[in-house]
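1. structure, please.
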Amino acid sequence: MKKLALSALILTMSLSVFTGCGSKAASGAGIAKMGMGHITSIASSKDLGVDKDGKEVLPTGQVDTIIVAAAFDKDGKVVKVTIDNAQTKVDYNKDLSLKADIKAEGKTKVELGDNYGMIKASSIKKEWYQQIAELEKWMVGKTVEEIKGMKVVKKDDAHPSVPDVAELKSSVTVSVEGYIAGLEEAYKNAIEVKGAEKIGLGHKISTASSKALGTDKDGKEVLPTAQVDTVMATTAFDKDGKVVATVIDNAQTKVNFGKDGKVTSDKKEAPKTKVELGDGYGMIKASSIKKEWYQQIAELQKYMAGKKVDEIKGMKVVKKDDAHPAVPDVAELKSSVTVSVQDYIAAVEEGAQKAK
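-> Model prediction:
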């Protein structure tokens, strides 16, 4: 009887230990690092002209920005991952006036959901957001090297790397090379975090700075420019919803056109974000505090750490001018941040709403 009672006690204790471990794993235990990766391309932009069938093609500046937010454990295995793709177009008329509504906020493929329209041409009848969710699930528990080693097959020139593994054959037919590259960059740029339970990705997309063919107030010619500003933030939150750490960047991507409606930007070049440009961005020349954009955003990130989103949203700001409607007006940031912060705060807020 004593032996039976002892065995029962040991079994109960063992079960409680495993149950405790399981609840920790489910709540995000194991997150040691988090990072953000992004890949931007303007290769799909179009010149004014005609297609192979003689049909007129109007000019389009297209900016594709893949964004990957990821959390990793101490062994470099993916704990959580969120992938999205901002495929943003600025369309022009034949006379190079703007056809697009540049006041409308851009949406990513995940945000478009069923309206993206991939399902119509999908052999597996799955939308983009459904396919990317399956890819994310497959990545969890693997290292970046294991993920890069995924067996793939070339379907056609537009789909050079379609998964050729049993777990994904019936659920993912998109080409995955850009998403894997984004994850690899997230790992390379990852920062250490302690106490993180969830990771969230947020973004704000604007084409408002795009220009049509015309003249400025001094009568100088202005050539068409499709400008897409993609603000992105990957944020780690603790069990109380406080920011553990956040990584913010801005892909300010321009597609330039000539008077003939032809793209003059190098479509093969991979545009850089403001952080990647570093000192090359050139803000310091006009900065009253002599700090570059990446330096200012690093100070804003530090300020956000340890605060809840509502506290961050409650930051006192001041309007400097129409281009700077929300400049920090708090003691901690007055001497270090002069950029307008409304979009960066909005991206962190969205990250909190979508955190997993």
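2. rest of the way, CA atoms for contacts and neighbours
-> OK.
3. what helix or strand does the residue lying closest to T273 once chain neighbours are set aside sit in?
-> Counting by Cα to Cα, 6 or more residues apart in numbering, A251 is the residue found nearest to T273 once chain neighbours are left out, at 4.2 Å. Using DSSP states H and E, A251 sits within strand 243-256.
4. against which helices or strands is the following helix or strand past that strand packed?
-> For strand 243-256, the following helix or strand on the C-terminal side (DSSP H and E) is helix 274-277. The helices and strands touching helix 274-277, judged by 3 or more Cα pairs under 8 Å, 6 or more residues apart in numbering; DSSP states H and E, are strand 243-256, helix 293-304.
5. out of those, deepest packed?
-> Counting by mean count of other Cα atoms under 10 Å, strand 243-256 has the highest mean neighbour count of the helices and strands packed on helix 274-277, with a mean of 23.
6. roughly how far apart are the residue nearest the centre of the chain and G182?
-> With distances taken as Cα atoms, centre = their mean, I67 lies nearest the centre of the chain, 3.0 Å away. Applying Cα to Cα, to the nearest Å, the value for I67 to G182 is 7 Å.
7. need the residues touching each of these two.
-> Jointly contacting I67 and G182 under the rule Cα atoms under 8 Å, 6 or more residues apart in numbering are 36-39.
8. could those go into TSV alongside secondary structure?
-> Listed next are these as TSV, based on DSSP: H, G, I helix; E, B strand; the rest coil:
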residue	secondary structure
M36	strand
G37	strand
H38	strand
I39	strand
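9. JSON lines please, covering the residues you listed and showing pLDDT.
-> Listed next are the shared contacts of I67 and G182 as JSON lines, based on pLDDT from 0 to 100:
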{"residue": "M36", "pLDDT": "98"}
{"residue": "G37", "pLDDT": "98"}
{"residue": "H38", "pLDDT": "97"}
{"residue": "I39", "pLDDT": "97"}
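10. so which of those residues wins on neighbours?
-> M36 (31 neighbours; other Cα atoms under 10 Å).
11. hey, where'd the helices end up in the stretch 51-200 of the chain?
-> Counting by DSSP state H, counting those that start in this stretch, one finds helices in the stretch 51-200 of the chain at the ranges 109-112, 128-139, 144-148, 177-188.
12. deepest of these, which one?
-> Most buried among these, counting by mean count of other Cα under 10 Å: helix 177-188, with a mean of 22.
13. could I get the contacting residues of E127?
-> With the criterion set at Cα under 8 Å, 6+ apart, E127 makes contact with 113-114, 116-119.
14. among those, which one lies nearest to G241?
-> Of all the contacts of E127, G241 sits closest to G113, with 26.8 Å by Cα to Cα.
15. now for the closest one, how many residues are close by?
-> 15.
16. ok, it to S335 distance?
-> According to Cα to Cα, G113 and S335 sit 42 Å apart.
17. what does M150 give?
-> Look at M150 and S335: by Cα to Cα, they are 48 Å apart.
18. then V275?
-> Taking Cα to Cα, one finds V275 at 20 Å from S335.
19. which one's more surrounded, these two?
-> Taking neighbours as other Cα under 10 Å, V275 and S335 compare with V275 leading, 19 against 15.
20. tell me the contacts of the more buried one?
-> When contacts are counted by Cα under 8 Å, 6+ apart, V275 touches 249-250, 293-294.
21. against G214, how distant is it?
-> Counting by Cα to Cα, the gap from V275 to G214 is 31 Å.
22. can you tell which of the helices of the stretch 51-200 of the chain is closest to S170?
-> helix 128-139 (9.6 Å).
23. just the CA atoms of that closest one, as CSV, please.
-> Provided in CSV are the C-alpha atoms of helix 128-139 (Å, rounded to 0.1, in the frame of the first residue of the first chain):
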residue,chain,number,x,y,z
TRP,A,128,-2.1,34.5,-49.7
TYR,A,129,-2.7,35.1,-45.9
GLN,A,130,-3.8,31.5,-45.5
GLN,A,131,-0.7,30.2,-47.3
ILE,A,132,1.7,32.5,-45.3
ALA,A,133,0.1,31.3,-42.0
GLU,A,134,1.0,27.7,-43.0
LEU,A,135,4.6,28.7,-43.8
GLU,A,136,4.8,30.5,-40.4
LYS,A,137,3.6,27.3,-38.6
TRP,A,138,6.2,25.2,-40.4
MET,A,139,9.0,27.6,-39.4
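24. outside of it, which residues touch it?
-> 78, 81-83, 109-110, 113, 116, 118-119, 147, 167-168, 171-174.
25. got the angle for the host helix or strand of Q353 vs helix 293-304?
-> Using DSSP H and E, Q353 falls within helix 342-354. Going by axes from the mean of the first three to the mean of the last three Cα atoms, to 10 degrees, helix 342-354 is angled at 50 degrees with respect to helix 293-304.
26. who are the packing partners of helix 342-354?
-> strand 198-206, strand 225-237, helix 309-313.
27. just the mean pLDDT for it, thanks.
-> Average pLDDT, helix 342-354: 98.
28. what sits up against that helix?
-> Under the criterion Cα under 8 Å, 6+ apart, residues 199-204, 231-235, 237, 241, 246, 248, 309, 312-313, 325-326 lie in contact with helix 342-354.
29. mind giving me the PyMOL command for buried ones among these?
-> To isolate in PyMOL the members of those that are buried, counting by 16 or more other Cα atoms under 10 Å, one can use:
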select buried, resi 199+200+201+202+203+204+231+232+233+234+235+237+241+246+248+309+312+326
